[in-house]
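> One predicted model, sequence on top.
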Amino acid sequence: MQPENLATRQHKIRLFAAIYASFLLLIAFFSYWSLVRIPVIQRQQEFLTRTKISEFRQRIRQADTLAQQIQAQHRVRESSMLAFYEWMNEQKADYPRAYQQLVLDAYVQRVTEIERSRRADTTLAVLQQQYQALRDENAGLSKEKERLEEELEGKKAANRAQL
């Protein structure tokens, strides 16, 4: 057995030192990213997410208020309804995520149902017609009553004159 050549031995030692230093640099790099950079990026993302969600919740509160106002009013102008639908379309463009679209679509459907039921609801018109018919009938009956009372007074007066 012969001892290794000194140059080969030194080359192996340098190669080991280079690999060991590279490995330590790699560990330091991953440690820096996992302990410093990733938490910073995560905090930034959480802040942006919270901001977007609070903005979305505020818009939903506005949509809910508008839907309640539309439901409370008996007549809503078509221009107001058009403005509501345009505003909701802008919200859909601003909030493209699926759950946000579902929430916005639910408000659009709610308002559409309110309008559809309002148009289909003829109860008020029927009741107004019935009320008008009853008023006309009441006026006719009042005139008939007055005529009959006058006739009764006339007959009472004729009856008294005969006695």
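It's in.
> For the lengthiest helix in the chain, give the mean pLDDT please.
Longest helix of the chain, by residue count under DSSP state H: helix 123-162. Averaged across helix 123-162, the pLDDT comes to 89.
> Could you tell me how far that helix lies from the centre of the chain?
55 Å (C-alpha atoms, centre = their mean, to the nearest Å).
> Now do the SS call for Pro96.
Judged by DSSP: H, G, I helix; E, B strand; the rest coil, the three-state class of Pro96 is coil.
> Could you report the pLDDT at it?
According to the prediction, Pro96 has pLDDT 90.
> One more: the one 3 residues further on?
For Tyr99, the model assigns a pLDDT of 90.
> Tell me which residues of the longest helix of the chain come out buried.
By neighbour count on 16 or more other C-beta atoms under 10 Å, the buried set for helix 123-162 is empty. All C-beta atoms are positioned from the backbone trio N, CA, C, and that covers glycine.
> what do you get for stretch 115-124?
Across stretch 115-124, burial judged by 16+ other C-beta under 10 Å covers Glu115.
> Ok, stretch 98-107 next?
100, 103-104, 107.
> For that stretch, what is the distance to the chain centroid?
Distance of stretch 98-107 from its chain centroid, counting by C-alpha atoms, centre = their mean, is 7 Å.
> follow-up on the earlier one: want to throw the buried residues of stretch 98-107 into TSV with distance to Leu66 and secondary structure?
What follows is the buried residues of stretch 98-107, written out as TSV (distance: C-beta to C-beta, whole Å; DSSP: H, G, I helix; E, B strand; the rest coil):
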residue	distance to Leu66	secondary structure
Gln100	17	helix
Val103	14	helix
Leu104	12	helix
Tyr107	8	helix
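> Can I get those residues in TSV including distance to Met88?
Listed next are these as TSV, based on distance: C-beta to C-beta, whole Å:
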residue	distance to Met88
Gln100	12
Val103	11
Leu104	6
Tyr107	7
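> Pick out whichever of these sits closest to Ala21.
Gln100 (50.1 Å; C-beta to C-beta).
> Excluding chain neighbours, what is closest to that closest one?
Computed as C-beta to C-beta, 6 or more residues apart in numbering, the closest residue to Gln100 that is not its neighbour in sequence is Phe56, at 6.1 Å.
> Could you pull up the mean pLDDT of the host helix or strand of the one you found?
Take DSSP states H and E as the rule and Phe56 turns out to sit in helix 38-72. Helix 38-72 shows a mean pLDDT of 93.
> quick one: buried residues of that helix?
By 16+ other C-beta under 10 Å, the buried positions in helix 38-72 come out as 56, 59-60, 63, 66-67, 70.
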